[in-house]
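Q: Let's see this in three dimensions:
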Amino acid sequence: MTGLSRLTPRNVASSLSWRRLAVCGLALTALGSCAVTDPYAGQPGYFAMDTGAEVFSIGYEGIADLYVEAVPTQSLALAALDGVAALDPSIGFVRRGDSLIVTTDGTPFAKFVVPHDENARDWARLTSASLAAARKRSAVLMQTSNDRLFEAAFDAITQKLDRFSRYRNAAESEASRAARKGYVGVGVTISAQDGAIVVSSVFAKSPADDAGLMQGDRFVSIAGTPVAGLGVSDAAHLLRGRSGTSVPIRVARGDAEFDVSVRRQQVIEDTVRFEPVDGIAYFHVSGFNVATASALADAIHDAKDVLGEDLPGIVLDLRQNRGGTLNQAVEVADLFVDSGLLLETRGRHSSSRHTYDAHFDDTVTNAPLAVLIDSGSASAAEVVAAALQDSGRALVIGARSYGKGSVQRILELPPIGTELHLTWARMHAPSGYTLAEFGVFPSICTPDYGNDPQVGAAALESGELRLSETMQNRLYVATMAEADRDTLKNWCNADHPPSTTDGDTKLAVRLLSDRKLFSLAFHASRVALGERPRESN
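A: Numbering: from 1, shown residues only. Here you go, the predicted structure:
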């Protein structure tokens, strides 16, 4: 996913007496003597083998314990070295029998003993020692930062895994944590426009909102530092700081400039937006962070204040929603479903096998519900769409979703402040089908009707809209012939950015405004789902 759960390293990082073993003891033939004190220590570009061994050990052990499939540790180590070698083609790492030979322009200069088993620590020591040896012979690697070396190594490692496992460098890890858990700041998103740093959005009820900042405002200075010439990341850094401190900001709005002082606090990005559309409650959910479910519940209560306690209908727009935190996706689905299975996850690790059920006391509304998805709806968004569709709670409209269908576990690498996101489970809808590869099938595929709501509505009224064959195919994709699978993959693909005025939303509003027409579509969808066999574990 980024349906994400988090793991801090086990005792790998805390008990490191093994690191004190002489790394040079790995060498069968050292072309040069091995000293206890590394003469390169403290020099620019120095690569600390202890740190490298610690980082690779955490990574290898994490993959061995958590990844959804078993992967030989030696293949990960050799991939890591190949990734580093790609930075300097003159360097090579060659496995020959029980030895790993390091070469420059094809000439060997170091040889290391290859571990005889899958011990992650031994392979980590070998990786680190081989990398350090290569760096001393390569001007290119010597000039490459440690961060870039680790990035090249782990990018190559994750290429051995599935397409959703990935390595995040320190900056990406910080941004990822901020998106999931929030950060200390003022509550705005910013962007660069025509050479200026501009407020893209203001989070509701944030310090920036309280201070009167508005979308489109241009920053002149932040904390006394002129913003002209700064990049977005530098400006964002100035806005952040310790919770409770204030940051003075000079802002330009139109032709006027003014000063505000904004008090920093923990900020969680707004992922939910409510808007009435022709008497129907429209909610756009852009992602899933720690506050999404509670924010949606609050937004639904706001909608009741505007449209009445008995909401006539709800449009839940999940288009281009790339996912987020798994438990939040389950909680969002639980807001609408009284009881029953919402999701099942299956993986190699015992803790990855889990069922998630709805709870009656979490339901906030029984209003008729239409969910909008497109081919950019992934991960947590697919969990919600599938749960609401299979439970018989919602009519799903739009295009077939992305088909991520997996849960990632976050493995932190504290020595270098980075993260590995590892796939550790695959997601199955309540009816049993896997969300991976094919995703969620909409009950009404709007691309089939040229995204024209009138055509889609007319097809329903005339009985032309037939859903059963395509909808039931999702249950049997695993046994389909390859040609049939390819045909199904090409069905109903489209990217429809969230909007209150496009064809998907108009069709959803039209159906929700006409109870007879909505019931017709909803019944057709339920018939199409048919009997829903459950897969065995």
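Q: Next, the contact list for Asp147, please.
A: Contact analysis of Asp147 by Cβ atoms under 8 Å, 6 or more residues apart in numbering lists 169-170, 416. (Each C-beta comes from the backbone N, C-alpha and C, glycine too.)
Q: ditto for Leu343
A: Here Leu343 is in contact with 329-330, 333, 355-356, 383, 386-387, 427-430 (Cβ under 8 Å, 6+ apart).
Q: would you turn the contacts of Asp147 into TSV with neighbour count and distance to Ala85?
A: Formatted as TSV, the contacts of Asp147 follow (neighbours: other Cβ atoms under 10 Å; distance: Cβ to Cβ, whole Å):
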residue	neighbour count	distance to Ala85
Asn169	17	19
Ala170	15	23
Ile416	20	20
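Q: Can you flag which of those residues belong to strands?
A: Among the contacts of Asp147, DSSP state E puts none in strands.
Q: Domains in the protein, by residue range?
A: The record's domain parsing of the chain by automatic domain parsing lists 3-17+26-31+44-161, 183-267, 272-528.
Q: Mean confidence (pLDDT) on the second one, please.
A: It stands for domain 183-267. Taken as a whole, domain 183-267 has a mean pLDDT of 90.
Q: end-to-end on it?
A: Counting by Cα to Cα, to the nearest Å, you get 5 Å between the two ends of domain 183-267.
Q: before we move on, the earlier item: in TSV: the domains of the chain, plus distance to Arg177.
A: Formatted as TSV, the domains of the chain follow (distance: least, Cβ to Cβ, whole Å):
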stretch	distance to Arg177
domain 3-17+26-31+44-161	9
domain 183-267	8
domain 272-528	8
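Q: can you map out the strands along the stretch 301-450 of the chain?
A: 314-317, 341-346, 354-357, 369-373, 395-398, 406-413, 418-428, 444-445 (DSSP state E, counting those that start in this stretch).
Q: Nearest to Glu482, out of those strands?
A: Nearest of the strands of the stretch 301-450 of the chain to Glu482, taken as Cβ to Cβ: strand 418-428 at 20.4 Å.
Q: and that closest one, what does it pack onto?
A: Strand 418-428 is packed against helix 49-66, helix 146-158, strand 166-168, helix 170-181, strand 341-346, strand 406-413, with contacts defined by 3 or more Cβ pairs under 8 Å, 6 or more residues apart in numbering; DSSP states H and E.
Q: how far away is the closest residue to Gln328 other than its chain neighbours from Glu54?
A: Computed as Cβ to Cβ, 6 or more residues apart in numbering, the closest residue to Gln328 that is not its neighbour in sequence is Phe288, at 4.2 Å. Going from Phe288 to Glu54 by Cβ to Cβ, to the nearest Å gives 32 Å.
Q: of those two, who's got more company?
A: Higher neighbour count among Phe288 and Glu54: Phe288, with 34 against 25, using other Cβ atoms under 10 Å.
Q: can I assume the more buried one is in contact with Thr271?
A: Yes. Using Cβ atoms under 8 Å, Phe288 is in contact with Thr271, at 6.8 Å.
Q: what's the overlap in contacts for these two?
A: By Cβ under 8 Å, 6+ apart, Phe288 and Thr271 have these common neighbours: Gly324.
Q: ok so, going back, mean pLDDT lowest where, among the domains of the chain?
A: Taking the mean pLDDT of the domains of the chain, domain 3-17+26-31+44-161 comes last: a mean of 84.
Q: who's the residue nearest to Gln328 bridged to?
A: Gly324 (DSSP bridges).
Q: Ok, Ala370 next?
A: Judged by DSSP bridges, the bridge partners of Ala370 are Val315, Leu395.
Q: wait, what's in contact with it?
A: 313-316, 394-397, 508, 511-512, 518.
Q: Save those residues as TSV, and put in distance to Ala223 and neighbour count too.
A: What follows is the contacts of Ala370, written out as TSV (distance: Cβ to Cβ, whole Å; neighbours: other Cβ atoms under 10 Å):
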residue	distance to Ala223	neighbour count
Gly313	47	23
Ile314	43	23
Val315	42	25
Leu316	40	25
Ala394	47	24
Leu395	50	25
Val396	47	27
Ile397	47	27
Ala508	45	32
Leu511	51	28
Leu512	48	25
Phe518	53	20
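Q: Show me the helices in the stretch 351-500 of the chain, by range?
A: 380-390, 453-462, 468-473, 482-489 (DSSP state H, counting those that start in this stretch).
Q: what's the nearest residue to Leu318 if we skip its chain neighbours?
A: Ala381 (4.3 Å).
Q: There's contact between the one you found and Leu316 in this structure, I believe.
A: No. If you go by Cβ under 8 Å, Ala381 and Leu316 don't touch, sitting 9.9 Å apart.
Q: overlap in contacts of the two?
A: In contact with both Ala381 and Leu316: Val285, using Cβ under 8 Å, 6+ apart.
Q: excluding its backbone neighbours, what's nearest Ala295?
A: Ala295 sits nearest to Val272 (Cβ to Cβ, 6+ apart), 4.2 Å away.
Q: check contacts around the one you found.
A: Contacts of Val272 by Cβ under 8 Å, 6+ apart are 283-286, 292, 295-296, 299.
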